[in-house]
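1. okay, here's the prediction I keep looking at, along with the sequence it came from:
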Amino acid sequence: MDALFTRETKLCQLSIPLLLRLFEFIREEETTDEDLHFMAERISELAWDGVRMTMNEYESIIPKKMRPEPKPVYLAKAVKEDYSKTTDSEATPE
């Protein structure tokens, strides 16, 4: 019986920043029971692979449907905003 317990027991190692972020995600987002089970399964899979989980694994633990969409950055807008910060004397060469 002891050998069976030892063989089936696997510990997961989560960094404190990751653990806190997961707690925040669960508290702040509209997570369902299905989402929590998905997260638990992903953590379990990573633990069986021997991964020491850090913030690098956050994206793979959170369900895709819950991940925020990346915001596009437009180069023209960034250049315009940067240029508008300069004064007229800086903008014209002497």
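-> On my side now, so go ahead. Note that the structure is a prediction, hence the values are computed from the model and not measured.
2. hey, let's count contacts and neighbours off CA atoms from now on
-> Noted.
3. this protein: helices as residue ranges?
-> 2-8, 16-28, 33-48, 58-61, 75-84, 88-91 (DSSP state H).
4. and the contacts of the third one?
-> The set of residues external to helix 33-48 that reach it, using Cα atoms under 8 Å, 6 or more residues apart in numbering, is 10-13, 53, 60-63.
5. quick one: mean pLDDT for stretch 34-50?
-> Averaged over stretch 34-50, pLDDT sits at 87.
6. buried set for it?
-> By 16 or more other Cα atoms under 10 Å, the buried positions in stretch 34-50 come out as 35, 39, 42-44, 46-47.
7. comparing the helices of the chain by mean pLDDT, which bottoms out?
-> helix 88-91 (a mean of 54).
8. from the contacts of helix 33-48, which would you call buried?
-> 12, 53, 61-63.
9. would you check which pair of these lies furthest apart?
-> By the measure Cα to Cα, 12 and 63 form the most distant pair in the buried ones among the contacts of helix 33-48, at 18.9 Å.
10. ok, now which ones touch residue 58?
-> Residues counted as contacts of residue 58 (Cα under 8 Å, 6+ apart) are 18, 22.
11. rerun that using 10 Å as the cut-off
-> Shown in contact with residue 58 (Cα atoms under 10 Å, 6 or more residues apart in numbering): 18-19, 21-22, 39, 43.
12. adding distance to residue 28, write these out as JSON lines.
-> Converted to JSON lines, those look like this (distance: Cα to Cα, whole Å):
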{"residue": "18", "distance to residue 28": "15"}
{"residue": "19", "distance to residue 28": "14"}
{"residue": "21", "distance to residue 28": "10"}
{"residue": "22", "distance to residue 28": "10"}
{"residue": "39", "distance to residue 28": "15"}
{"residue": "43", "distance to residue 28": "20"}
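13. what's the closest of those residues to residue 29?
-> residue 22 (10.4 Å).
14. my read: that closest one touches residue 62, true?
-> Yes. Between residue 22 and residue 62 there is a contact at 8.3 Å, judged by Cα atoms under 10 Å.
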